[in-house]
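K.L.:
Here is the input, now give the coordinates:
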Amino acid sequence: MSEQLLPGYIIRRGSALDRALLLKFMQRTYQDLFPNEDFSHLEQTVKQYFSSDTPLWWVEKESGGIRGSRGREELLNNDSSPPASPAPPTSTSPIACLWVGNAIDQVQGNRHAHIFILYVVPEHRRRGIGTALMRYVENWAIQRGDRQIGLQVFQSNKPALNLYNQLGYQTQSLWMVKFLNAEK
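P.N.:
Reported below is the predicted structural model:
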């Protein structure tokens, strides 16, 4: 079942059948930020955390009868863009995804939604999709009784930081890392 997210875009709930596509979107997310890295290890993250308790949503462009964007199979296979072809009314390639997990507030002990991934393909950015997805998940979290929502974002991801700041997100803690030299 899908519903309109924004004019021209629909949102639909993902399923266990979307595991490979979720992995592909996660890899694209990180490759955008770190193009020279290998992200094959993300398969383990999906395997460990993707379940019926961690909802996934896809955004698709509303189909006008012709599919000009890449389909699910082409995205998974990294094929070059195919020629436009007839498409079923509700079957288009996802152009964005949102995957949400659960976290426990370490101060108050309350369960809350935690955004694992929000990704919009580059060709569809700056059209309000990220904002609409954030509002969508905030409403979802409120309906299930959450009092807050959390996420992690890389300091180098300025567009995402700007989006979250505009939506009222605030830094609550800092994740600190020290790289250790394994050689003695």
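K.L.:
ok, and what's touching stretch 38-54?
P.N.:
Applying Cβ atoms under 8 Å, 6 or more residues apart in numbering, the contact partners of stretch 38-54 are 16, 19, 22-23, 26-27, 30-31, 56, 99-102, 116. To be clear about C-beta, it is placed using only N, CA and C from the backbone, and glycine gets the same treatment.
K.L.:
of all these, which two lie farthest apart?
P.N.:
With Cβ to Cβ as the measure, no two of these lie farther apart than Gln31 and Asn102, at 26.5 Å.
K.L.:
list the contacts for the residue nearest to Gln172 when sequence neighbours are not counted?
P.N.:
Using Cβ to Cβ, 6 or more residues apart in numbering and skipping residues adjacent in sequence, the residue nearest Gln172 is Gly150, 7.5 Å away. Shown in contact with Gly150 (Cβ under 8 Å, 6+ apart): 103, 112-115, 172.
K.L.:
Now render the residues you listed as TSV, adding distance to Ser40 and pLDDT.
P.N.:
Shown next, in TSV, are the contacts of Gly150 (distance: Cβ to Cβ, whole Å; pLDDT from 0 to 100):
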residue	distance to Ser40	pLDDT
Ala103	26	94
His112	30	95
Ala113	28	96
His114	24	97
Ile115	23	97
Gln172	31	89
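K.L.:
Can you flag which of the residues you listed belong to strands?
P.N.:
The strands, defined by DSSP state E, take in 103, 112-115 from those.
K.L.:
quick one: which of the residues you listed is nearest to Leu5?
P.N.:
Proximity of the ones in strands among the contacts of Gly150 to Leu5 (Cβ to Cβ) peaks at Ile115, which lies at 16.1 Å.
K.L.:
Just the helices from the protein, written as ranges.
P.N.:
For the chain, applying DSSP state H gives helices covering 19-33, 42-49, 72-77, 129-143, 158-166.
K.L.:
mind checking how far Ile95 is from Asn181?
P.N.:
Counting by Cβ to Cβ, to the nearest Å, the gap from Ile95 to Asn181 is 42 Å.
K.L.:
More neighbours: which of the two?
P.N.:
Neighbours per residue (other Cβ atoms under 10 Å) separate Ile95 from Asn181, with Ile95 holding more: 21 against 5.
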